[in-house]
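**Q** Quick one, fold the following:
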Amino acid sequence: GSVMANRILVVDDSATYRSIIAVTLQQAGNDVAVACDGLEGLEVLQGASFDLFIVDINMPRMGGVEFVCKMREQAHFSDVPVIILAAQDEAEEHAELVSVKPLYWLEKGFSPAELVAEVNNILS
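**A** You can find the predicted model right below:
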């Protein structure tokens, strides 16, 4: 039978990263939506469903930690996995803030193959 594509929301203020991530995941068979910061991400969530969030930590207006906390307040997103994109030191700095699981970290500078492997691992 046909398998429903996974719906993934990418929240990143870097147009380059948004594009790389979206294209990589679309080529791997996922359905991808994008937002340029946490506020836009919260708008995109309205009336939508997602299987995974990929969220940059440092963004204008609303950063990744605040986005994840607000998103988690919505019951149907409370247990959707999140991949946080961050440099290693940022990950350590914010680890205690983002205690709401399921949560994963991917260090900026990842390869497309690493991204796809991580997503497949989380969603399998």
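
**Q** Could you measure from residue 7 over to residue 70?
**A** Computed as Cβ to Cβ, to the nearest Å, the residue 7 to residue 70 distance reads 19 Å. Just so you know, the C-beta spots here come from the backbone N, C-alpha and C atoms, and that holds for glycine as well.

**Q** do the same with residue 12
**A** Distance, residue 12 to residue 70, by Cβ to Cβ: 17 Å.

**Q** May I have the beta-bridge partners of the residue positioned nearest the centre of the chain?
**A** In the chain, the C-alpha nearest the mean C-alpha coordinate belongs to residue 54, at 1.1 Å (Cα atoms, centre = their mean). Bridge pairing for residue 54 (DSSP bridges) gives the partners residue 10, residue 83.

**Q** So for it, what's the pLDDT?
**A** For residue 54, the pLDDT comes out at 96.

**Q** distance of it from residue 41?
**A** Taken as Cβ to Cβ, the span from residue 54 to residue 41 is 10 Å.

**Q** shared neighbours, the two?
**A** 9, 11 (Cβ atoms under 8 Å, 6 or more residues apart in numbering).

**Q** Now for residue 58: which residues touch it?
**A** The contact partners of residue 58, by Cβ under 8 Å, 6+ apart, come to 13, 64, 86, 90.

**Q** ok, now with 10 Å
**A** Going by Cβ atoms under 10 Å, 6 or more residues apart in numbering, residue 58 touches 12-14, 64-65, 85-87, 90, 94, 108.

**Q** Scan the residues you listed and report the most crowded one.
**A** Compared across these, residue 64 has the highest neighbour count, 28 neighbours, by other Cβ atoms under 10 Å.

**Q** shouldn't it be in contact with residue 35?
**A** No: applying Cβ atoms under 10 Å as the test, residue 64 and residue 35 come out as separate, 11.2 Å apart.

**Q** tell me, what's touching the two both at once?
**A** Counting by Cβ under 10 Å, 6+ apart, the residues touching both residue 64 and residue 35 are 11-13, 41, 53, 55.

**Q** As CSV, those with distance to residue 102 would be great.
**A** As requested, these are exported to CSV (distance: Cβ to Cβ, whole Å):
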residue, distance to residue 102
11, 17
12, 20
13, 24
41, 18
53, 10
55, 13
